[in-house]
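**Q** output the structure for:
(chains A and B)
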Amino acid sequence: MDRNTLLLFAGIGAVLLLATLIARILRHRAGDAPNAVIDNLIARIDAWWVMVLVIGIAFLFGNNGVVLLFYFVSFYALREFLTLTPTRRSDYPALVAAFYFALPMQYLLIALDWYGLFAIFIPVYLFLLLPILASLAGDTTRFLERASEVQWGLMIAVYCVSAVPALLTLDIPGYEGRNLLLIAWLIIVVQLSDVLQYVCGKLAGKHKIAPKLSPSKTVEGFVGGVALASLIGASLFWITPFSFWQAALMALTVNLLGFAGGLVMSAIKRDRGVKDWGHMIEGHGGMLDRMDSVCFAAPIFFHFVRYWWA
Amino acid sequence: MLASLTAFAITSAARLLTGARALWLGCTAQPVQRLYYANHSSHGDFVLLWASLPPELRRRTRPVAGSDYWMKGDLRRFLIRDVFNGVLVDRDRSDPNANPLQPMLDALGQGDSLIIFPEGTRNLTEEQLLPFKSGLFHLAQARPEVELVPVWIANLNRVMPKGRALPLPLLCTLSFGAPLERIDGEDKAAFLERARNALLALAPEIV
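**A** This next block holds a predicted model:
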């Protein structure tokens, strides 16, 4: 790890320490009586310690460590998505192809730095292969619906998530060997936006922004969270290939996309009648609950950086 | 040694693949003698139920399995006898004079808990749950002190569909209900219907 990376992780550690301290003070002031909001806050912060630790370990192993980390993120996300998707017995070959072929192949192509194939592997090849496999079973019930759902799961959980490690494949002049920091910047900005939207919403939230999709999201939380996270993204420009204003615009873009991602993924959850995608991250829900904003921000971020900087 | 290593490998794999999330809705994971009865749609059912129990309960909980399937071949025999410590029942009733429930009564007599599937066979239909066979009633009559706990296993039929060898990684949930109340003088049909409804009540609503 270079100096900037260490500095960054030290900074995150300090912020988490502060958050832990504040949460314990709140807990103490509430008189140690059970309080759902504070208990959930503490669970969320504790889970953040674990997530930062896991990301830190992946960074220690360099590029391959990060590719492997996101392979597992995609696996857990895809498992959550397809668990909530009503497939039929005849979808078995398509599901086997999704889990045991498409998922490892996408990450292998990224590890091999094969842009020409990883950019179209799922949107073109799998898009055609999955319905072919499904049709061979001869089951026409809800055919288009089933084929679309498996494809959608692969796009969100594998293709979109894999855009994060794909940042490692970009050759950015003057930024050689530092692409891991670009990943760190993206994750910090998008996740901070989620956290700050939550905090601003809890402190000042009054007007619901999308009551049908996500009852906890407010206008105040959205504006405050996106503005603050974009400001932080801009002030972290020194770890990116961007200037201050470029970083501010990029941060604003990924934060707006992240917010939209949260809404879209909420719409799916409400339709399936669940509150969370899963239960693997204490206080947060499932992997997809934590990754919904990244899913929408990462592919656009990747292509913007590739178009203008690489 | 080999058996406990195999058991560890199988339970770990089952949990890694499916999450095996246990929801103790109507009772807690206490080491009391129980008859866990569950819906049956896959060969993996008892493995998953067994894997979702805390280790101290798992040691005293034995799956009930058909000897016609499990005594074929050395591997199956090793798995059911040494790894899972299963109770084998003769589903074909090869000896008409023997009580087919006797092995289960013996196991309960030793203080073991059991896992049984009262549908009698794997449910491969579109129905949520098949009618129950009468074994559950006779066991309940013979052992009134044993708790009858319904367990709904959700999603496992999608993990291992019939005739497929490679399991899919999809999340499974096991809902443990409240022990079935005992009603004096209840007849067989009413009891089985009540037990079946208690299990069905744990099934997640299909959206």
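**Q** now stretch B:182-201, how far from the centre of its chain.
**A** 18 Å (C-alpha atoms, centre = their mean, to the nearest Å).
**Q** scratch that, stretch A:77-95
**A** On C-alpha atoms, centre = their mean, the centre of stretch A:77-95 falls 21 Å from the chain's centre.
**Q** near chain B at all, that stretch?
**A** Yes. Using C-beta under 8 Å from any C-beta of the partner chain, stretch A:77-95 comes into contact with chain B via A:79, A:80, A:82, A:83, A:86, A:87, A:89, A:92, A:95. To be clear about C-beta, it is placed using only N, CA and C from the backbone, and glycine gets the same treatment.
**Q** OK, contacts around the second one?
**A** By C-beta atoms under 8 Å, 6 or more residues apart in numbering or on different chains, the contact set of residue A:80 is A:157, A:277, A:278, A:286, A:287, A:288, B:171.
**Q** right, and the helix or strand after whichever helix or strand residue B:46 is part of?
**A** For residue B:46, the enclosing helix or strand under DSSP states H and E is helix B:45-52. The helix or strand immediately downstream of helix B:45-52 is helix B:55-58, counting by DSSP H and E.
**Q** report pLDDT for residue A:32.
**A** On pLDDT, residue A:32 comes in at 69.
**Q** so what pLDDT did residue A:102 get?
**A** For residue A:102, the predicted pLDDT is 98.
**Q** quick check, it in contact with residue A:118.
**A** No. When contacts are counted by C-beta atoms under 8 Å, residue A:102 is not listed as touching residue A:118 (11.2 Å).
**Q** spatially, which two of the contacts of residue A:80 are the most separated?
**A** Greatest spatial distance among the contacts of residue A:80 (C-beta to C-beta): A:157 and B:171, at 13.3 Å.
**Q** can you pull out the helices in chain B?
**A** B:2-18, B:45-52, B:55-58, B:67-70, B:74-78, B:102-109, B:135-142, B:156-159, B:188-200 (DSSP state H).
**Q** now render the ones you listed as JSON lines, adding mean pLDDT and distance to residue A:246.
**A** As requested, the helices of chain B are exported to JSON lines (pLDDT from 0 to 100; distance: least, C-beta to C-beta, whole Å):
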{"stretch": "helix B:2-18", "mean pLDDT": "92", "distance to residue A:246": "43"}
{"stretch": "helix B:45-52", "mean pLDDT": "92", "distance to residue A:246": "51"}
{"stretch": "helix B:55-58", "mean pLDDT": "91", "distance to residue A:246": "55"}
{"stretch": "helix B:67-70", "mean pLDDT": "87", "distance to residue A:246": "66"}
{"stretch": "helix B:74-78", "mean pLDDT": "92", "distance to residue A:246": "62"}
{"stretch": "helix B:102-109", "mean pLDDT": "94", "distance to residue A:246": "71"}
{"stretch": "helix B:135-142", "mean pLDDT": "94", "distance to residue A:246": "69"}
{"stretch": "helix B:156-159", "mean pLDDT": "90", "distance to residue A:246": "47"}
{"stretch": "helix B:188-200", "mean pLDDT": "96", "distance to residue A:246": "59"}
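**Q** which one of these lies closest to chain A?
**A** When the helices of chain B are compared by C-beta to the nearest C-beta, helix B:156-159 sits nearest chain A, at 6.9 Å.
**Q** helices or strands up against the closest one?
**A** Using 3 or more C-beta pairs under 8 Å, 6 or more residues apart in numbering or on different chains; DSSP states H and E, the elements in contact with helix B:156-159 are helix B:2-18.
**Q** residues of the helix it packs on that come out buried?
**A** Neighbour counts over helix B:2-18 (16 or more other C-beta atoms under 10 Å in any protein chain shown) mark B:7, B:10, B:11, B:14, B:17, B:18 as buried.
**Q** now swap in stretch A:78-89 and tell me
**A** In stretch A:78-89, counting by 16+ other C-beta under 10 Å, buried: A:78, A:79, A:80, A:81, A:82, A:83, A:84, A:85, A:87.
**Q** make sure I have this right: the fourth one is in a helix.
**A** Yes. The assignment for residue A:81 (DSSP: H, G, I helix; E, B strand; the rest coil) places it in a helix.
**Q** now residue B:8: how far from residue B:20?
**A** 14 Å (C-beta to C-beta, to the nearest Å).
**Q** try residue A:77
**A** Applying C-beta to C-beta, the value for residue A:77 to residue B:20 is 19 Å.
**Q** and whichever residue of chain B sits closest to chain A, what does it touch?
**A** As assessed by C-beta to the nearest C-beta, chain A sits closest to residue B:171 within chain B, at 4.2 Å. Residues near residue B:171 by C-beta under 8 Å, 6+ apart: A:79, A:80, A:83, A:278, B:18, B:19, B:21, B:155.
**Q** go again using 10 Å as the cut-off
**A** Counting by C-beta atoms under 10 Å, 6 or more residues apart in numbering or on different chains, residue B:171 makes contact with A:76, A:79-80, A:82-84, A:277-280, A:286, B:17-21, B:154-155, B:158-159.
**Q** can you pull out the helices in the stretch 101-250 of chain A?
**A** In the stretch 101-250 of chain A, the helices defined using DSSP state H, counting those that start in this stretch lie at A:103-111, A:115-118, A:127-136, A:143-154, A:161-166, A:179-204, A:219-235, A:244-272.
**Q** please identify the most buried of those.
**A** Per-stretch averages of neighbours, counted by mean count of other C-beta atoms under 10 Å in any protein chain shown, single out helix A:161-166 among the helices of the stretch 101-250 of chain A, with a mean of 27.
**Q** and that one, how far from the chain's centre?
**A** 10 Å.
**Q** stretch B:84-93 now?
**A** For stretch B:84-93, the distance to the chain centre is 12 Å (C-alpha atoms, centre = their mean).
**Q** quick check: mean pLDDT across it?
**A** Stretch B:84-93 comes out at a mean pLDDT of 88.
**Q** was I right about residue A:192 contacting residue A:233?
**A** Yes. Between residue A:192 and residue A:233 a contact is recorded at 7.9 Å, counting by C-beta atoms under 10 Å.
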